[in-house]
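Trainee: structure of the sequence below:
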Amino acid sequence: MLIAGTLALGGVGVDARLYRWVDENGVVQYTDTIPPSQVDKGRTELSKDGVRLETVPPARGLEELRRDQELERLRAQREQLVEQQKTADQVLLRTFRSADDLLMARDGKLAAIDVMIQVTRSNIRRHQSRLQNARTQAANLERAGKPVTADILDTIAKTEEYIQSAFQTIVAREQQKDAIRADFDRDLRRFQQLTNQPVPSLDRFENTRPPVVHNLVTCGNASECDRYWSRAVAYVGKHTTTPIQSVGRVLVITAPPQTLDDLSLTLARIEATGDGTASVFLDLQCKNTLPGDTDCHDERSLSVIEGFRAAVTSEPPTPSPGAAGPLR
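Mentor: As a prediction, the model looks like this:
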C-alpha cells in the first residue's frame, strides 16, 4: 500500500513528504497534505522513500492539559517543601547541639510568657480594686438618694471592659504556650532523626506535654456557650466567699479577698470572631501572707479549679422512663 501511494504521487518534488494518518473510521490514509479536520489528531511524516521522519502525537485535550498543569504544580510544591525542610534542618543543627539545648530554649520561651501572664494578672488585680472603689461610690450615692454620676458609670464600664480584655490576653498567652510545646516536640523528633541521638528520658521532658487547663472551657456554638455560661455563673456563686460585685453577659466579678480565708472568683466569657464560639475562663484570687501575692495555692482552691470544667460541661442526668420519684 505504501508503494502504491508513493507511485501515485510520483510527481511530488524531492523534498515532499507523505503523511500517514488514521481517519474517523480507523482506516489508515497516506496523503501529501493533512486535511484541516485531522491536524490535531496525530500523524506520522514520511519521506518520499517511505522513511519515517517525524511522529506528531495527537493534540492534548483540555482535561489532559489541566491534569498536566496540576501535576506540574504539585511537583513544584513538593520541591519547594523539600528545600524548605533542608533549610529548616540546617538551622536546627546550627542552633542546637543536643536535646538539652532544645529543652532549655523551650523552657526559656515558656518562662518569658509566664512573666507576661503574671504582669497581666497584676494589672487585673489593680483594675479590680478600682472597680470595687467605683462600685462603692455608686452604692453610697444610691443609698443617699443621689444619682450616680456619669464619670463613675464610665469608670465602671471601662474597667469591666479592660478586665475582660485582659483575661482574653491571658487565654491567648496560654494558647501560645501550647503552640511552643508543639513546635518543641516536632523539633526534638526531627533533631533526633538528623543526629541519631538516643531518645532522652521521658521524665526529663514531662513538661513538654500541654497541661489540662481545668479553668478554661471552650464552647462550639452560641447555644452551648449560653448554657456553659449559665452554669459557670452558678459555680462562681457557689464557691466564692466574697460578695459578687458584677454579673454581666461576659464578666462576673467578686470582691477582692480581705482575709486569708477568702476566695475571690472572676469569670470571663471571651468571644471569638463572631462565629458564636467562646471560651469561659475562671480566675481565682486569694490573700496570702507574702505582700503582693494573690495566687491561690491551697487544696480548697485546687479543688475549685479542678471541678470547674466538669461542672460547666456535664449535662444533668436524665431520669429513666418510669423511674420512681424521690422518697417522701
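
Trainee: so where's the stretch 151-300 of the chain uncertain?
Mentor: 198-213, 273-276, 289, 291-294 (pLDDT under 70).

Trainee: for Gly248, which non-adjacent residue is spatially closest?
Mentor: Leaving aside its chain neighbours, Gly248 sits nearest to Glu160 (6.9 Å; criterion: C-beta to C-beta, 6 or more residues apart in numbering). Heads up, the C-betas are built off the backbone N, CA and C, glycines and all.

Trainee: which secondary structure elements does the helix or strand hosting that neighbour contact?
Mentor: Counting by DSSP states H and E, the element that carries Glu160 is helix 150-195. Counting by 3 or more C-beta pairs under 8 Å, 6 or more residues apart in numbering; DSSP states H and E, the packing neighbours recorded for helix 150-195 are helix 62-95, helix 99-143, strand 251-254, strand 263-271, strand 278-286.

Trainee: wait, Ile253 touches Gln128, no?
Mentor: Yes: taking C-beta atoms under 8 Å as the definition, Ile253 is a contact partner of Gln128 at 6.5 Å.

Trainee: the two: who's more crowded?
Mentor: Ile253 (29 against 23; other C-beta atoms under 10 Å).

Trainee: returning to that earlier point: which neighbours do Ile253 and Gln128 share?
Mentor: The contact sets of Ile253 and Gln128 overlap at Ile163, Thr266 (C-beta atoms under 8 Å, 6 or more residues apart in numbering).

Trainee: return the set of buried residues in stretch 245-260.
Mentor: Gln245, Ser246, Val250, Leu251, Val252, Ile253, Thr254, Ala255, Pro256, Pro257 (16 or more other C-beta atoms under 10 Å).

Trainee: just the endpoints, please. Distance across that stretch?
Mentor: End-to-end span of stretch 245-260 (C-alpha to C-alpha, to the nearest Å): 20 Å.

Trainee: any idea how far that stretch is from the middle of the chain?
Mentor: 31 Å (C-alpha atoms, centre = their mean, to the nearest Å).

Trainee: Provide a list of residues in contact with Ile253.
Mentor: Ile253 makes contacts with Gln128, Leu131, Glu160, Ile163, Ile244, Gln245, Ser246, Thr266, Leu267, as judged by C-beta under 8 Å, 6+ apart.

Trainee: rerun at 7 Å
Mentor: For Ile253, the contacting residues are Gln128, Leu131, Ile163, Gln245, Ser246, Thr266, by C-beta atoms under 7 Å, 6 or more residues apart in numbering.

Trainee: tell me which two of the buried residues of stretch 245-260 sit farthest apart.
Mentor: Val250 and Pro257 (22.9 Å; C-beta to C-beta).

Trainee: hmm, back to that, what is the burial count for the residue nearest to Gly248?
Mentor: For Glu160, the number of neighbouring residues by other C-beta under 10 Å comes to 21.

Trainee: that one touches Leu251, doesn't it?
Mentor: Yes: the pair Glu160 and Leu251 qualifies as a contact (C-beta atoms under 7 Å) at a distance of 5.4 Å.
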